[in-house]
Every structure is written in structure tokens, then in C-alpha cells.
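**Student:** Curious how this folds, go ahead:
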Amino acid sequence: MRLASLGAVPRVWKNYYLLDREKDVAFEIGRFYYGIRQYADAVKYYTVSSDTIGQHHVTFHNMGLCYYSMGQPERSIQYFEQAIGLNDKYEKAVSWLTKVKLEIETASKKEKEKEKEKEGGDLPPTPT
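**Tutor:** Have a look, this model is predicted:
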């Protein structure tokens with residue numbers, strides 16, 4: 001079933017004509033791909049949605065989730081910030097932005113600690 005669905009989705013999009021701006025088919029296809037963890041495909045359709053229907057905070061938030069899930073937390077921050085820029089009360093984006101920034105900060109601190117250890121920063125003091 002899953003493989004059949006995957007093959008059908010590009011065909012649906014190929015045969016789709018934008019007639020009603022109230023129905024954001026590209027966004028829904030992006031949600032489908034996100035749901036099956038094909039994040040790069042999801043981003044592609046979220047981008048089409050943003051370009052054709054218009055920018056929306058949920059679209060940017062979802063793109064941030066995709067980039068985070070693809071192991072690109074720095075890039076995800078850009079999209080969470082764009083979502084907040086469009087709707088500063090969108091708590092999901094605010095929450096994710098805070099979470100990702102904290103993770104990056106924590107990873108950076110751990111990296112600095114490792115560098116210190118390599119330089120001998122954790123050696124005991126030299127006896128006098």
C-alpha cells in the first residue's frame with residue numbers, strides 16, 4: 001500500500017491545476033511526505049505551497065520540523081523564525097525554536113569541553 005501511495009502522489013501533483021486558492025494541495029502533499037518521514041520531499045511541496053498559495057506560519061513551522069528531522073538544526077531555526085515572524089503567538093514554533101537553540105548551545109558547550117580535554121585542560125595542576 002505504501003509504495004502504491006508513493007507512486008500515486010507525484011502523479012496527483014503532475015495532474016493538478018491550481019483553480020481554487022482555498023485548497024492548498026501542495027501543503028497537504030507536504031504533510032503526507034512528512035508523515036512517512038520523507039522530509040526532503042515534504043520540504044519541496046511546502047516550498048511550492050508557499051510560492052503558489054502564499055506564506056503561512058504553519059508551512060514555515062513544518063519546514064523547520066523537516067530540517068530538524070533531517071539533522072539540520074541550524075537551518076530549521078531559520079524556518080521557525082520565519083513562522084514566528086508571520087505569527088508571533090504561534091506557540092509551536094516558539095517552543096521548537098527555543099528547543100533547537102538550546103540543543104545547539106548545549107552541543108557547542110560539549111564540543112568546547114572536548115577541545116579543552118584534548119589540549120590538556122583537565123590535567124591536574126603541576127606539583128611545585
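**Student:** From residue 37, how far off is the residue most central in space within the chain?
**Tutor:** Taking C-alpha atoms, centre = their mean as the criterion, residue 64 is the residue nearest the geometric centre of the chain, at 2.4 Å. Distance, residue 64 to residue 37, using C-beta to C-beta, to the nearest Å: 16 Å. C-beta: built from backbone N, CA, C; applies to glycine.
**Student:** same thing with residue 47?
**Tutor:** From residue 47 to residue 37 the distance is 18 Å (C-beta to C-beta).
**Student:** ditto for residue 88
**Tutor:** Taking C-beta to C-beta as the measure, residue 88 falls 30 Å from residue 37.
**Student:** same deal with residue 101?
**Tutor:** With C-beta to C-beta as the criterion, residue 101 and residue 37 are 24 Å apart.
**Student:** ok, the two, which is more surrounded?
**Tutor:** Counted by other C-beta atoms under 10 Å, residue 101 and residue 37 do not tie: residue 101 has more neighbours, with 14 against 11.
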